[in-house]
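*Asks:* Any chance you could fold what I've pasted below:
(4 chains)
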Number of protein chains: 2
Amino acid sequence: MVRDRPIPEATVARLSLYLRVLIDLVAAGAVTISSESLAEGAGVTSAKVRKDLSFLGSYGTRGKGYDVAYLVHQIQRELGLTQPWPIAIVGVGNLGQALANFRGFGERGFRVAVLVDADPQKVGGRIGDVEVRPVGELAPLVAEHRVAIGVIATPARAAQEAADALVGAGIRSILNFAPAVLTAEPGVTIRKVDLAIELQILAYYEQRKAVVREVRRGRPATTSRS
Amino acid sequence: MVRDRPIPEATVARLSLYLRVLIDLVAAGAVTISSESLAEGAGVTSAKVRKDLSFLGSYGTRGKGYDVAYLVHQIQRELGLTQPWPIAIVGVGNLGQALANFRGFGERGFRVAVLVDADPQKVGGRIGDVEVRPVGELAPLVAEHRVAIGVIATPARAAQEAADALVGAGIRSILNFAPAVLTAEPGVTIRKVDLAIELQILAYYEQRKAVVREVRRGRPATTSRS
DNA sequence: CAGTGTGAACCTTTTCACAGCA
DNA sequence: TGCTGTGAAAAGGTTCACACTG
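*Replies:* Next comes the predicted model:
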């Protein structure tokens, strides 16, 4: 059963992370794990782990830790990963191909079921055992494969069109990799991953580090606001 | 000058987003913009825009809005984007190639200066005008091109090794695309982008939507906690 | 008077610290 | 005794609402 109260988004993201660590632990033969060890494996604090897991219910044993296999099961159930999700990718350029080939998806509950591209040159090609089809065929393909999640891997200028096509095909959950802000009717969830933004955040902190180094080297620290 | 107080990370991420919108506006010939319009273009609220921009100082004009060109300049300066950052990518598989070819980087202040791969088969290949070199040559290449930011696009099992190589080459800021938790000495910043996690978050909400639809269709709502 | 700049309220998330249980 | 589960406190981020100004 799914809980009435939704789990905080920050926790959902980490549950996914714990799942990865736990699956490795199962493979390594571990039977139980403490919040401390799981935290170390996931790169977070143990208090966070315990609080996060408490949203699933009380599955730990005081004094011992958590049963690894059971925890994997509970997290998968909560995240809706009991069966693989078929996904559709719009845009088979470099990024689309990388995503279609990404083994991490298969290992973590997703299956690339549909690939479409607006470029007729790309139609007919194959990635793995999936053939690239024209965008126009999206709706029947989505229906046929019962796709519920779409991924946009087009250039920015084609992204809104791709989103419209996905929504038109009945998809209500979209992951957008194009650097563009997309709009859709209420009820459609759009998440974005902006690769350049991630780099820019890094550059911001790198720049700060450089300044700190410079200040340490003997320059007076500035206190002014401009 | 860089502010003594760091800007909140959430704000840094959005500044980057505003920048993209503003650059488009400059191209379109806009001279001033209100927080309202910028908010619409970036997909956020106007209060957020104003609060975010206030971290840069008071660059708006009451009653009119912000000078677009000046704002672009200020954000670039704050984010450290006044000159392009040379970056190094470790791993030239599907994802590494996609990243190396990603035009968004070039447009947003980054330049792929170094590409390395552990696979001798891949060494010698070219992506754009950059040749793929062996991982062993990372240190001199990083020094030569003054690279300060590294990107890991290897499979998970090779990611820690890639991180060690980058740190050994003097890099202190790393963006990790491999689904693995990496460790490095203090002073090294590691950010991660986990493509599968993003999909899993989406799947979680999609699953919840499905449950809500089912409940609406006549099933009694559950109130139990398990 | 349109639209910025910003305290204050509010909400979310993290951290703390310890009671309670195996 | 060791480790979970969780209230309570703290920190971080968002939204509100309005004084202020060009």
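
*Asks:* And for the longest strand belonging to chain A, what's in contact with it?
*Replies:* The longest strand of chain A (DSSP state E) is strand A:110-117. Outside strand A:110-117, the residues within contact range by C-beta atoms under 8 Å, 6 or more residues apart in numbering or on different chains are A:84-93, A:96, A:99-100, A:105, A:123, A:127-128, A:130-135, A:137-138, A:141-142, A:145, A:147, A:149, B:196, B:199, B:203. (Each C-beta comes from the backbone N, C-alpha and C, glycine too.)

*Asks:* Please pull up the helix or strand immediately following it.
*Replies:* Sequence order places strand A:126-127 as the next helix or strand after strand A:110-117, per DSSP states H and E.

*Asks:* Starting from that next one, tell me which strands it pairs with and how they run.
*Replies:* strand A:130-134 (antiparallel) (DSSP bridges).

*Asks:* Give me the next element, helix or strand, following the strand it pairs with.
*Replies:* Following strand A:130-134 toward the C-terminus (DSSP H and E): helix A:138-145.

*Asks:* That following helix: how far from the chain's middle?
*Replies:* 23 Å (C-alpha atoms, centre = their mean, to the nearest Å).

*Asks:* Remind me what that helix packs against, helices and strands.
*Replies:* Helices and strands touching helix A:138-145, by 3 or more C-beta pairs under 8 Å, 6 or more residues apart in numbering or on different chains; DSSP states H and E, are strand A:85-90, strand A:110-117, helix A:156-168.

*Asks:* Correct me if wrong: A:Gln97 contacts A:Gly125.
*Replies:* No - the criterion here is C-beta atoms under 8 Å, and A:Gln97 misses it with A:Gly125 at 9.3 Å.

*Asks:* just so I know, which of the helices and strands packed on helix A:138-145 lies nearest B:Arg20?
*Replies:* Ranking the helices and strands packed on helix A:138-145 by proximity to B:Arg20 (C-beta to C-beta) places helix A:156-168 first, at 8.8 Å.

*Asks:* Report the angle between the closest one and strand A:85-90.
*Replies:* Here helix A:156-168 runs at an angle of 140 degrees relative to strand A:85-90 (axes from the mean of the first three to the mean of the last three C-alpha atoms, to 10 degrees).

*Asks:* contact partners of helix A:156-168?
*Replies:* Contacts for helix A:156-168 (C-beta under 8 Å, 6+ apart): A:88, A:90-91, A:118, A:135, A:138-139, A:142, A:150, A:152, A:154, A:174, A:176, A:178-180, A:182-185, A:188, A:190, B:104.

*Asks:* one more time with 7 Å, if that's ok
*Replies:* Applying C-beta atoms under 7 Å, 6 or more residues apart in numbering or on different chains, the set of residues contacting helix A:156-168 from outside is A:90-91, A:118, A:135, A:138-139, A:150, A:152, A:154, A:174, A:176, A:178-180, A:182, A:184-185, A:188.

*Asks:* likewise stretch A:187-195?
*Replies:* A:167, A:172-177, A:179, A:182, A:184, B:99, B:102, B:104, B:193, B:198, B:201-202, B:205.

*Asks:* Please narrow those residues to those residing in strands.
*Replies:* A:Ser173, A:Ile174, A:Leu175, A:Asn176.

*Asks:* Return the set of residues that bridge with the third one.
*Replies:* A:Leu175 has the following beta-bridge partners by DSSP bridges: A:Val151, A:Arg191.

*Asks:* Surely it touches B:Glu198?
*Replies:* Yes - contact criterion C-beta atoms under 7 Å: A:Leu175 and B:Glu198 qualify, at 5.7 Å.

*Asks:* any idea how far A:Arg5 lies from A:Phe55?
*Replies:* Relative to A:Phe55, A:Arg5 is positioned 8 Å away (C-beta to C-beta, to the nearest Å).

*Asks:* which of the two has more neighbours?
*Replies:* A:Phe55 (15 against 7; other C-beta atoms under 10 Å in any protein chain shown).

*Asks:* Report pLDDT for the closest residue to that one other than its chain neighbours.
*Replies:* Among residues not flanking A:Phe55 along the chain, A:Ile7 sits closest, at 4.8 Å (C-beta to C-beta, 6 or more residues apart in numbering or on different chains). A:Ile7 is assigned a pLDDT of 93 by the prediction.

*Asks:* phi, psi of A:Ile7?
*Replies:* phi -80, psi 140 (degrees, to the nearest 10).

*Asks:* hmm, back to that, report the angle between the longest strand of chain A and strand A:85-90.
*Replies:* Using the same axes, to 10 degrees: strand A:110-117 against strand A:85-90 is 20 degrees.

*Asks:* For strand A:110-117, what is the distance to the chain centroid?
*Replies:* 16 Å.

*Asks:* Give me the buried positions along that strand.
*Replies:* A:Phe110, A:Val112, A:Ala113, A:Val114, A:Leu115, A:Val116, A:Asp117 (16 or more other C-beta atoms under 10 Å in any protein chain shown).

*Asks:* give me the beta-bridge partners of the residue in chain A that DNA strand D sits nearest to?
*Replies:* Here the residue of chain A nearest DNA strand D is A:Gly60; by C-beta to the nearest atom of the strand that distance is 2.7 Å. Counting by DSSP bridges, A:Gly60 is bridged to A:Tyr66.

*Asks:* could you measure it against A:Lys48, distance?
*Replies:* Taking C-beta to C-beta, one finds A:Gly60 at 14 Å from A:Lys48.

*Asks:* Then A:Leu95?
*Replies:* Relative to A:Lys48, and taking C-beta to C-beta, A:Leu95 is found at 32 Å.

*Asks:* Those two: who's more crowded?
*Replies:* Neighbours were tallied for A:Leu95 and for A:Lys48 using other C-beta under 10 Å; the higher tally belongs to A:Leu95 (26 against 16).

*Asks:* Kindly state the pLDDT recorded for the more buried one?
*Replies:* The model's pLDDT for A:Leu95 equals 93.

*Asks:* same thing with A:Gly63?
*Replies:* Predicted confidence (pLDDT) for A:Gly63: 95.

*Asks:* and it, how many neighbours does it have?
*Replies:* 6.

*Asks:* got it, and A:Ala10?
*Replies:* With other C-beta under 10 Å as criterion, A:Ala10 counts 10.

*Asks:* do the same with A:Thr82
*Replies:* 11.

*Asks:* How about the contacts made by A:Val92?
*Replies:* A:Leu115, A:Asp117, A:Lys122, A:Ile127, A:Val132.

*Asks:* orientation of the longest helix along chain A relative to strand B:110-117 in degrees?
*Replies:* In chain A, with assignment by DSSP state H, the single longest helix is helix A:195-216. When the same axes, to 10 degrees is applied, the directions of helix A:195-216 and strand B:110-117 differ by 100 degrees.

*Asks:* Quick one: mean pLDDT for helix A:195-216?
*Replies:* Helix A:195-216 carries an average pLDDT of 86.
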